[in-house]
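Trainee: After the sequence you'll find the predicted model.
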Amino acid sequence: MNLIPRVETRLSTCPHDCPSTCGLEVEVIEGRTIGRVRGAAGHSYTAGVVCAKVARYSERLYHPDRLMHPLLRVGPKGSGQFKRISWEEALDRTAAAFIEAERRFGSEAVWPYYYAGTMGYVMRDGINRLRHAKNYSGQYSTICTTPAWTGYIAGTGKLAGADPREMARADCVVIWGTNPVHTQVNVMTHALRARKERGAKIVVVDVYDNPTMKQADLALLLRPGTDGALACAVMHVLFRDGMADRDYLARYTDRPGDLERHLAARTPEWAAAITGLSVGEIESFAGIVGTRKASFFRLGYGFSRSRNGAVNMHAALSIPAVTGAWQVEGGGAFHSNSGVYRLDKRLIEGEDVRNPSIRRLQQTQIGRVLTGDREALRDGPPVTAMLIQNTNPVSVAPEQELVKRGFAREDLFTCVHEQVMTETARMADIVLPATMFLEHDDLYTGGGHQHIQLGLRLVDPPGECRSNHDVICGLARRVGAEHPGFGMTPRELIDRMLAASGRGTFADLARDNWLDAQPPFEEAHYLNGFGYPDGKFRFAPDWTKVPNANDGPMGPWQELPEFPDHWEAIEVATERHPFRLATSPARNFLNSSFNETPTSRAKEGGRPEVMVHPEDAARLGIASGDWVRLSNERGAVLLRARIFAGLRRGVLIAESIWPNGFFPDGRGINTLTSADPVAPYGGAGFHDNRVALERIGPVLEGFDEPVRAEPEPALA
Ligand SMILES: Nc1nc2c(c(=O)[nH]1)N[C@H]1C(S)=C(S)[C@@H](COP(=O)(O)OP(=O)(O)OC[C@H]3O[C@@H](n4cnc5c(=O)[nH]c(N)nc54)[C@H](O)[C@@H]3O)O[C@H]1N2
Ligand SMILES: Nc1nc2c(c(=O)[nH]1)N[C@H]1C(S)=C(S)[C@@H](COP(=O)(O)OP(=O)(O)OC[C@H]3O[C@@H](n4cnc5c(=O)[nH]c(N)nc54)[C@H](O)[C@@H]3O)O[C@H]1N2
Ligand code: SF4
Ligand SMILES: [Mo]
């Protein structure tokens, strides 16, 4: 008898919403279960490294709370009382609710809502095919990328940059507004290689001394929302000290002379007063990037999650256009390569049957939409039925008080298709169990690199779990939605999409599992010109015409500065709300994903905390571990204080996102965040919150230790 289990290593792709989109090697045991997950050694960007949370993916796949059967709510909304029903009944009931909503208020009363819990094209975007085929309300996605992408494209005209693998061949890597040790570990692989092999300098710009900043040669800890001022002062020094590349500027940029004049008053002293940095730090930063042509600007999402975020992204991006870094290998900028793939998504998304007159509702304003805000509803009918896939808005969306009120509405029907009983699923009328990525077929593209990748079904789904595609097709049949995509398998959809995009076939891709889609050097470095018709980088973009997907200008877009600047649109601290709170990502969670796993919870210290500067804590009498209350006009949150010196005074960091159920009164961190749109095209300022901070003390009256976990859904 052979007692050694048969272990095969199969290739896959991490499906999570993370720029790294790692190539994976997955151990499959006896063809049935998975073992270790490793970074694929043969993937040139992943280079054999993945984050710890995905390395132990079996903890998520085999989680005891994994949803296995369709459920019907039998108690009050949110009570967690459900009973098991069949798939037939669950889909019939959902379809009936959609048909009834449409009958009463028109098709726009149904709002399919989704995001990037999986980044697979088939499983993420198929919901749009159902939407478009039925004229259900549209979703304008604003929860993540909008300000960052808009700010970047404002400069380059295109969402693409230098090959991120070139970081390893840079003489300086600037890691700005991203915490890759937490959020996209592979950036560190390539940046640290540059330091080891070439003596490259690593510069990190952030609002707290996180593990990425600890790796920096030059650590720039600035006040939240002041990156535009830093960028302006750096460019001021570059012009002042003869480090601007005037030939490059004349050839490749729109208005270098006007920019130089505009920057004359943006001195290091001016920026020091705004950012809290010293003049010396600003001069050093300018000196490093001004004397090392091969400076690679790795620009993240974090510094764009402020009301002035698009402007700050554009300002930072303007620096390599002043030094001409784009001309050399290892130089230039990178934010996302999502603009290089140009995959034809008509079959998957049903773009061909979309009716452009149907309203689009803003994703981040889900709280306002569901509580009947007329502007958020665009003066249209109420939303009375929803299908939710790949997202957990009750936890992750801003203005949480409104979101919860909305989901509690008796006249709102919600069907949530999920892998685990999230706080959104708990509010649902129908809960459907979903497959995880190793249980279905899909196609992925890397935002933080340049590969088209497959992730195929390696094991059977447990229980009665079904894929998003199956659910969409099952509902389509029942509500009478018609489109050729509903009759295809995921593999057929992938094959047709690749072929229509000139990217080969499914079989071609299945051979190596990934395809390197990196554009040639001249194109990636914009040496044939930038993405605008005249080929010039824009220092003075027309903010109303940035070629990024949008719903027209919004927020205070009329006040956007003409040139890079410090734009005071942020929630400046006031006497009543003297602190500025950022909700930076926790290392062991991915937004709310993984916050159901015991290991991630334990590694995050077991409870939500807010970091407070020692002097602020002393002034308020706050000791380490004390309960504190954070509050603003949107609500109040109770959590513990952690005294941390790696902050500026007046700044608070609450690494996120803990389940709401881990806060004593169930109010999670997004109670404090706002859904005000970031100009010019929307987005949420998750890191841009003014708050009051009060001490409560070592015990919280009426609250029992230890912090409770989410109760199990009771099966009636
Ligand atoms: N472990 C983990 N990984 C993740 C995620 C997660 O939640 N946890 N989320 C995933 C998702 S959906 C995304 S979009 C990416 C995002 O990943 P990133 O691009 O890293 O962006 P953020 O996570 O928003 O924030 C990055 C950093 O910006 C800092 N920051 C906040 N305000 C400012 C500011 O005004 N200026 C500057 N310079 N810095 C500021 C924050 O403190 C944080 O350290 O990560 C993905 N990966
Ligand atoms: N305070 C604060 N809030 C934030 C942020 C922040 O930095 N601070 N970051 C924001 C950002 S950048 C983003 S992108 C959003 C993300 O917010 P979400 O898009 O809600 O991301 P997750 O919290 O990861 O939740 C994804 C859900 O999808 C489910 N899922 C995964 N795969 C599948 C599948 O194949 N089928 C189905 N049916 N379900 C699946 C997972 O189980 C998980 O519950 O959060 C935002 N919220
Ligand atoms: S670093 Fe990001 S892409 Fe890579 S395994 Fe972790 S979550 Fe997935
Ligand atoms: Mo995101």
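Mentor: Yep, it's here. Residues are numbered from 1 along each chain as shown. Ligands and ions are numbered 1, 2, ... in the order given.
Trainee: which residue packs closest to Asn312, ignoring adjacent ones?
Mentor: Asp227 (4.0 Å; Cβ to Cβ, 6 or more residues apart in numbering). Yep, even glycine has a C-beta here, placed from its N, CA and C like the rest.
Trainee: cool, and Leu438?
Mentor: Going by Cβ to Cβ, 6+ apart, Leu438 has Leu458 as its nearest residue, at 4.8 Å.
Trainee: and the stretch 101-250 of the chain, which residues reach ligand 2?
Mentor: Neighbours of ligand 2 within the stretch 101-250 of the chain, by Cβ under 6 Å from any ligand atom: Tyr115, Ala116, Gly117, Thr118, Met123, Ile143, Cys144.
Trainee: For the nearest residue to the first one once chain neighbours are set aside, list the residues it contacts.
Mentor: It refers to Tyr115. Nearest non-adjacent residue to Tyr115, counting by Cβ to Cβ, 6+ apart: Thr391, 3.7 Å away. Each residue near Thr391 by Cβ atoms under 8 Å, 6 or more residues apart in numbering is listed here: Tyr113, Tyr114, Tyr115, Ala116, Gly117, Thr424.
Trainee: Inside helices: which ones of those?
Mentor: Judged by DSSP state H, the contacts of Thr391 include no members of helices.
Trainee: Return the residues in contact with the residue in the chain that ligand 2 sits nearest to.
Mentor: When scored by Cβ to the nearest ligand atom, the chain has Gly117 as its residue closest to ligand 2, at 2.1 Å. Contact analysis of Gly117 by Cβ under 8 Å, 6+ apart lists His16, Asp17, Arg124, Gln389, Asn390, Thr391, Asn392, Gln419, Ser593.
Trainee: could you redo the last one with a cut-off of 6 Å?
Mentor: Residues in contact with Gly117 (Cβ atoms under 6 Å, 6 or more residues apart in numbering) are Asn390, Thr391.
Trainee: hmm, back to that, distance to Phe662 for the contacts of Thr391 - can I get that in CSV?
Mentor: What follows is the contacts of Thr391, written out as CSV (distance: Cβ to Cβ, whole Å):
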residue, distance to Phe662
Tyr113, 24
Tyr114, 25
Tyr115, 22
Ala116, 23
Gly117, 20
Thr424, 16
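Trainee: Specify the beta-bridge partners of Met386.
Mentor: Trp111, Thr414 (DSSP bridges).
Trainee: Kindly report the residues of the stretch 451-600 of the chain close to ligand 2.
Mentor: Residues of the stretch 451-600 of the chain found near ligand 2 (Cβ under 6 Å from any ligand atom) are Asn468, Thr583, Pro585, Leu590, Asn591, Ser592, Ser593.
Trainee: Next, give me the two most distant ones among these.
Mentor: Asn468 and Thr583 (27.9 Å; Cβ to Cβ).
Trainee: if I look at Pro5, how far off is Leu456?
Mentor: 21 Å (Cβ to Cβ, to the nearest Å).
Trainee: can you give me the end-to-end distance of stretch 302-312?
Mentor: 11 Å (Cα to Cα, to the nearest Å).
Trainee: what's the answer for stretch 288-308, then?
Mentor: 26 Å.
Trainee: re earlier: and Pro5 and Leu456? which has more neighbours close in?
Mentor: Leu456 (20 against 11; other Cβ atoms under 10 Å).
Trainee: Surely the more buried one touches Asp441?
Mentor: Yes - with contacts counted by Cβ atoms under 6 Å, Leu456 reaches Asp441, the gap being 5.1 Å.
Trainee: can you put the residues of the stretch 101-250 of the chain next to ligand 2 in a markdown table and add pLDDT?
Mentor: Listed next are those as a markdown table, based on pLDDT from 0 to 100:
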| residue | pLDDT |
| --- | --- |
| Tyr115 | 98 |
| Ala116 | 98 |
| Gly117 | 98 |
| Thr118 | 98 |
| Met123 | 98 |
| Ile143 | 98 |
| Cys144 | 98 |
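Trainee: filter the residues you listed to the buried ones?
Mentor: Among these, those scoring as buried are Tyr115, Ala116, Gly117, Thr118, Met123, Ile143, Cys144 (criterion: 16 or more other Cβ atoms under 10 Å).
Trainee: hmm, back to that, what is the nearest of the residues of the stretch 451-600 of the chain next to ligand 2 to ligand 3?
Mentor: Leu590 (5.8 Å).
Trainee: ok now do that closest one, which residues does it touch?
Mentor: Counting by Cβ under 6 Å, 6+ apart, the residues that Leu590 touches are His16.
Trainee: now do 7 Å
Mentor: His16, Asp17, Cys18, Lys53 (Cβ atoms under 7 Å, 6 or more residues apart in numbering).
Trainee: Now do the same for the second one: helix, strand or coil?
Mentor: It stands for Asp17. Following DSSP: H, G, I helix; E, B strand; the rest coil, Asp17 is assigned to coil.
Trainee: so who does the nearest residue to it once chain neighbours are set aside touch?
Mentor: Using Cβ to Cβ, 6+ apart and skipping residues adjacent in sequence, the residue nearest Asp17 is Ala116, 3.9 Å away. For Ala116, the contact set (Cβ under 7 Å, 6+ apart) comprises Asp17, Arg124, Asn390.
Trainee: can you narrow those residues to ones near ligand 1?
Mentor: Answer for these near ligand 1 (Cβ under 6 Å from any ligand atom): Asp17.
Trainee: Nearest to His314 among the contacts of Ala116?
Mentor: Of the contacts of Ala116, the one sitting nearest to His314 (Cβ to Cβ) turns out to be Asp17, at 23.6 Å.
Trainee: what's the distance between that closest one and Leu590?
Mentor: Distance of Asp17 to Leu590, computed by Cβ to Cβ: 7 Å.
Trainee: next one: Leu220
Mentor: Counting by Cβ to Cβ, the gap from Leu220 to Leu590 is 26 Å.
Trainee: Can you name the two of the contacts of Thr391 that sit furthest apart?
Mentor: Maximum pairwise distance among the contacts of Thr391 (Cβ to Cβ): 14.8 Å, between Ala116 and Thr424.
Trainee: quick one on the thing from earlier: of the contacts of Ala116, which is the nearest to Phe239?
Mentor: Asp17 (38.8 Å).
Trainee: and the closest one, how many neighbours?
Mentor: 21.
Trainee: which phi and psi does it have?
Mentor: Phi and psi for Asp17, reported as degrees, to the nearest 10, are phi -80, psi 80.
Trainee: isn't it right next to Arg124, touching?
Mentor: No - Asp17 is beyond contact range of Arg124, at 9.2 Å (criterion: Cβ atoms under 7 Å).
Trainee: Pull up the residues of this structure that are close to ligand 1.
Mentor: 17-18, 144, 176-179, 182-184, 205-208, 210, 224-225, 227, 300-303, 305-306, 582, 584-587, 589-591, 687.
Trainee: ok, now with 5 Å
Mentor: Residues of the chain found near ligand 1 (Cβ under 5 Å from any ligand atom) are 17-18, 144, 177-179, 182-183, 205-207, 224-225, 227, 300-303, 582, 584-585, 587, 590-591, 687.
Trainee: Restricted to strands, list the residues you listed.
Mentor: Val205, Asp206, Ala582 (DSSP state E).
Trainee: so what's Pro433 up against?
Mentor: Residues counted as contacts of Pro433 (Cβ under 7 Å, 6+ apart) are Leu67, Met68, His69, Pro70, Gly463, Glu464, Cys465.
Trainee: now these in a markdown table, with neighbour count and pLDDT?
Mentor: Compiled in a markdown table, these are given as follows (neighbours: other Cβ atoms under 10 Å; pLDDT from 0 to 100):
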| residue | neighbour count | pLDDT |
| --- | --- | --- |
| Leu67 | 24 | 98 |
| Met68 | 13 | 98 |
| His69 | 18 | 98 |
| Pro70 | 25 | 98 |
| Gly463 | 10 | 98 |
| Glu464 | 15 | 98 |
| Cys465 | 21 | 98 |
